[in-house]
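Visitor: Fold the following.
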Amino acid sequence: MSFSDSDSSSIGGHNEYKNFRQTSRDRLLYEMLGAANTENSKPWKVLIMDKVTVKVMSHSCKMADITDQGVSLVEDLFRRRQPLPSMDAIYFIQPSKENVVMFLSDMSGREPLYKKAFVFFSSPVPKEFVNHIKCDTSVLPRIGALREMNLEYFPIDSQAFFTDQERALEDLFGDIENSRKFDNCLNTMATRIATVFASLKEFPFVKYRASKALDDPTEASLRELVPTKLAAAIWNCISKYKTTIPNYPQSETCELLILDRSIDQIAPVIHEWTYDAMCRDLLEMDGNKYTYEVSSKTGGAPDRREALLEDTDPVWLELRHSHIADASERLHEKMTNFVSKNKAAQIQQNARDGGEVSTRDLQKMVQALPQYTEQVEKITLHVEIAGKINKLIRELGLRDLGQLEQDLVFGDAGAKDVINYLRTNQNASPENKLRLLMIYASVYPEKFEDDKALKIMQLAKLSTEDMKVVKNMRLLGGSDSKKASSGHSFSLKFNAQKTKQATRKDRTGEEETWQLFRFYPMIEELIENLCKGDLSKSEYSCINEPPPVTEKAPPKGSQSATSQTGQSTGGPKSMRSRRTANWARSSISDDGYGSDSILKAATLDFKKMGQRVFVFIVGGATRSELRVCHKLTAKLRREVVLGCSSLDDPPQYITKLKLLTEKGISVEAPRF
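Guide: Numbering: from 1, shown residues only. So this is what the prediction gives:
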């Protein structure tokens, strides 16, 4: 029996650089499940997990992957299980008292449930639990392995994970008088984030958004100190890894930037025009699952089918970050090219046109049909989805609304434009009007002071419950004690340094062909500044600050990346003269199914990349922020990994914001 963190360097070749999700998958399959495949072990095993670890596993591995590692049965730790005394068991569990007691109950006594147990904990185990296990002399000889896997996060993309804390916004920014909920949420978050670095064998520079009130700690509320306290908790966990995990780096290998939702309150609600975001925003999807109907072959009621929009679908992988209009055009081209190049499709089309089909043609069609059917169904599915989205865009009048949203953000529209829209679009959905007002409040906070908010609410015909969302936005921006003392008035203080009539500036050196594609989330600027070493030290502190250098230089590992991506931007290029940008552009696409762009994305040479960059957003991240991480990975030649407490679409975010309250307490700033 051994007790240590698994050593990932021995699995799959230690020099092989894998992306974030691949590393997580390989650790679970080879370090954990593969470790139970010893010479004396049985060929088939039982895998036992709790509620958290089963989600960890399901976010990284398919059932077929697990079966390939010799697992014939997956069980719930807390359900009554049939004794299988001739089989070995793999336990993947959290290090809680209840779990340890249940494990000991399974394996102790004269008749244990399983022959041998290989135990893997998802996060660091308290010493008292280890001693408790070792004190049971009947269990000890039956343990084949006792290790800390340190993998308690949930990959949701090749470059993203979440900590599965849907109530983080409420627990950390809502009723924070409940300090127990606050501490539990923050500590769980820190533990799970830290296991990302343990799993990848990365030791980060821990940077975080500093509280504006740190100079006067009595004015700093718990809300303002969330990134500060989370950074301290993560640092505490990571510091212990240096002495407990074999081959863990002793010096910094990457960068971590901790933010909260207050850094950008527009990104969660503005209409994002990519194919991915539109699918989540406008269609009724269950996670990645899209349900649709197809005509019945027997002429009866339509058949209901389900499709997963995820990385295993090459069409989805190629188009998900494209503008919806561009995605629609490229799908049309794919279908046209596919029919023109595919023999089975040509023959079938010829038959539809009334042409004669020879026996030889039929034979060719039968030979090509299985592959043809799979490919054409995949493309047809996305053509249907894009068509449905475009129909909803027209019916809901989203182009005009989207133009107003982006004009507000870039300072090209003001109060008159918002009032005019609300008066002339009385039939717009309450949710879309609310999202517009949330953007309006971020740009023009003074328009919501005193009784002005009531007038806007009446004009928009929104309920008090809806307007509570706009009011609660200020809770994410920190307390304003002077205003709070008046009792009834409130002021939105999101960013004291922003310009009065714009929250974004046009990106220099970047031109977009598509209309309504100007908007970018704030993390794009922050990540770029971080990689250039230009992140404001007054606004973003670092727990383990590197020693000062005489000349400003990019972080180690990114020098070649910045030199490769350095472009002459020239003078600023305003997008305001491009108001009549094409809704869609003509584009050169590949054949119907395979994609050069997918292959390039899938075969990014990670070996030539600089150090990883991790960005964690407390309170939830958005689809646009995930898109930015993929974009900047290619641009900066550094793998950018997005972490968040949850990945939210606009309706989810609005619902969470409604749950916040105005209660808060003041605390002293922590010291390191």
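Visitor: List of residues touching the helix or strand hosting Thr633?
Guide: Taking DSSP states H and E as the criterion, Thr633 maps to helix 623-636. Helix 623-636 has contacts (C-beta atoms under 8 Å, 6 or more residues apart in numbering) with 157, 159-160, 267, 270, 272, 274, 276-277, 280, 321, 519-521, 523-524, 527-528, 531, 558, 561-562, 565, 601, 604, 609-610, 613, 615, 617, 638-642, 647, 649. Where you see a C-beta, it was placed from the backbone N, CA and C, and this is true even at glycine.
Visitor: Same question for stretch 55-66.
Guide: Under C-beta under 8 Å, 6+ apart, the answer for stretch 55-66 is 21, 24-25, 28-29, 33, 47, 49, 74, 92, 122, 151-156, 164.
Visitor: next helix or strand past the lowest-mean-pLDDT helix or strand in the chain?
Guide: Lowest by mean pLDDT, DSSP states H and E among the helices and strands of the chain is helix 481-484, with a mean of 34. Note on helix 481-484: by DSSP H and E, the next helix or strand toward the C-terminus is helix 523-532.
Visitor: That next one vs helix 623-636, what angle?
Guide: Angle, helix 523-532 to helix 623-636, by axes from the mean of the first three to the mean of the last three C-alpha atoms, to 10 degrees: 30 degrees.
Visitor: So for helix 523-532, mean pLDDT?
Guide: Helix 523-532 shows a mean pLDDT of 96.
Visitor: Which parts of it count as buried, going by neighbours?
Guide: Within helix 523-532, the residues scored as buried using 16 or more other C-beta atoms under 10 Å are Ile523, Glu524, Glu525, Leu526, Ile527, Glu528, Leu530, Cys531, Lys532.
Visitor: quick one: which of these is nearest Leu84?
Guide: Ile523 (48.8 Å; C-beta to C-beta).
Visitor: quick one: the closest one and Tyr653, what's the gap?
Guide: Distance, Ile523 to Tyr653, using C-beta to C-beta, to the nearest Å: 16 Å.
Visitor: With Asn544 instead?
Guide: For Asn544 relative to Tyr653 (C-beta to C-beta), the value is 33 Å.
Visitor: do Phe162 as well
Guide: Here the distance between Phe162 and Tyr653 works out to 14 Å (C-beta to C-beta).
Visitor: Could you do Asp450 as well?
Guide: Distance, Asp450 to Tyr653, using C-beta to C-beta: 27 Å.
Visitor: Looking at these two, which is more packed in?
Guide: Between Asp450 and Tyr653, counted using other C-beta atoms under 10 Å, the more crowded position is Tyr653 (23 against 13).
Visitor: Tell me how many other residues surround the closest residue to Tyr540 other than its chain neighbours.
Guide: Leaving aside its sequence neighbours, Tyr540 sits nearest to Lys207 (C-beta to C-beta, 6 or more residues apart in numbering; 5.4 Å). By other C-beta under 10 Å, the residues close to Lys207 number 25.
Visitor: What is the subsequent helix or strand relative to the helix or strand where Lys207 lies?
Guide: Taking DSSP H and E as the definition, one finds Lys207 inside strand 204-209. Note on strand 204-209: by DSSP H and E, the next helix or strand toward the C-terminus is helix 226-244.
Visitor: Restricting to C-alpha, output that following helix in CSV.
Guide: In CSV, the C-alpha atoms belonging to helix 226-244 read as follows (Å, rounded to 0.1, in the frame of the first residue of the first chain):
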residue,chain,number,x,y,z
VAL,A,226,-13.7,37.6,-2.6
PRO,A,227,-10.8,37.5,-5.1
THR,A,228,-8.3,38.4,-2.3
LYS,A,229,-9.6,35.7,0.0
LEU,A,230,-9.8,33.1,-2.7
ALA,A,231,-6.3,33.8,-3.8
ALA,A,232,-5.0,33.3,-0.2
ALA,A,233,-6.9,30.0,0.1
ILE,A,234,-5.6,28.7,-3.2
TRP,A,235,-2.1,29.7,-2.3
ASN,A,236,-2.4,27.9,1.0
CYS,A,237,-3.3,24.7,-0.9
ILE,A,238,-0.7,25.0,-3.6
SER,A,239,2.1,25.7,-1.0
LYS,A,240,1.4,22.3,0.6
TYR,A,241,1.6,20.5,-2.8
LYS,A,242,5.3,21.5,-3.0
THR,A,243,6.1,19.1,-0.2
THR,A,244,3.5,16.4,-0.6
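Visitor: quick one: the strands in the stretch 51-200 of the chain?
Guide: 71-76, 88-93, 117-121, 143-148, 154-157, 160-162 (DSSP state E, counting those that start in this stretch).
Visitor: The stretch 201-350 of the chain now?
Guide: 204-209, 254-260, 289-294, 303-308.
Visitor: before we move on, the earlier item: buried ones among the contacts of stretch 55-66?
Guide: By neighbour count, with 16+ other C-beta under 10 Å, these hold 21, 24-25, 28-29, 33, 47, 49, 92, 122, 151-156, 164 as buried.
Visitor: what stretches of the protein score poorly on pLDDT?
Guide: 1-17, 41, 175-176, 213-220, 297, 342-372, 478-501, 508-513, 546-608, 661-672 (pLDDT under 70).
Visitor: change it to 50
Guide: Under the criterion pLDDT under 50, the flagged ranges of the chain are 1-2, 6-14, 217-219, 478-500, 551-553, 556-603, 663-672.
Visitor: How is it partitioned into domains?
Guide: Here the domain parsing of the chain from the TED database is 20-151, 156-264+604-659, 290-395, 399-477.
Visitor: Need those in TSV (columns: distance to Lys537).
Guide: Formatted as TSV, the domains of the chain follow (distance: least, C-beta to C-beta, whole Å):
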stretch	distance to Lys537
domain 20-151	28
domain 156-264+604-659	9
domain 290-395	32
domain 399-477	22
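Visitor: Looking at these, which is nearest to Ser536?
Guide: Closest among those, using C-beta to C-beta: domain 156-264+604-659, at 9.3 Å.
Visitor: ok so, going back, output the buried residues of helix 523-532 in TSV; the columns should cover distance to Val443.
Guide: Converted to TSV, the buried residues of helix 523-532 look like this (distance: C-beta to C-beta, whole Å):
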residue	distance to Val443
Ile523	19
Glu524	18
Glu525	17
Leu526	19
Ile527	23
Glu528	23
Leu530	25
Cys531	28
Lys532	27
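Visitor: among those residues, which two are most distant?
Guide: Farthest pair in the buried residues of helix 523-532 (C-beta to C-beta) is Ile523 and Lys532. Separation: 14.6 Å.
Visitor: Export stretch 59-70 to CSV, keeping only CA atoms.
Guide: The C-alpha trace of stretch 59-70 is given here as CSV (Å, rounded to 0.1, in the frame of the first residue of the first chain):
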residue,chain,number,x,y,z
HIS,A,59,-17.1,15.3,-17.5
SER,A,60,-13.8,13.8,-18.7
CYS,A,61,-14.5,10.2,-19.8
LYS,A,62,-17.0,8.2,-21.8
MET,A,63,-18.4,4.9,-20.5
ALA,A,64,-16.5,3.1,-23.2
ASP,A,65,-13.2,4.6,-21.9
ILE,A,66,-13.9,3.3,-18.5
THR,A,67,-14.9,-0.2,-19.7
ASP,A,68,-11.6,-0.3,-21.7
GLN,A,69,-9.7,-0.1,-18.4
GLY,A,70,-11.4,-3.2,-17.1
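Visitor: which among the buried residues of helix 523-532 gets closest to Ala168?
Guide: Closest to Ala168 out of the buried residues of helix 523-532 is Ile523 (17.4 Å), distances taken as C-beta to C-beta.
Visitor: burial measure for the nearest residue to that closest one once chain neighbours are set aside, as a count.
Guide: Leaving out its chain neighbours, the residue that sits closest to Ile523 by C-beta to C-beta, 6+ apart is Glu625, at 5.4 Å. Look at Glu625: counted by other C-beta under 10 Å, it has 26 neighbours.
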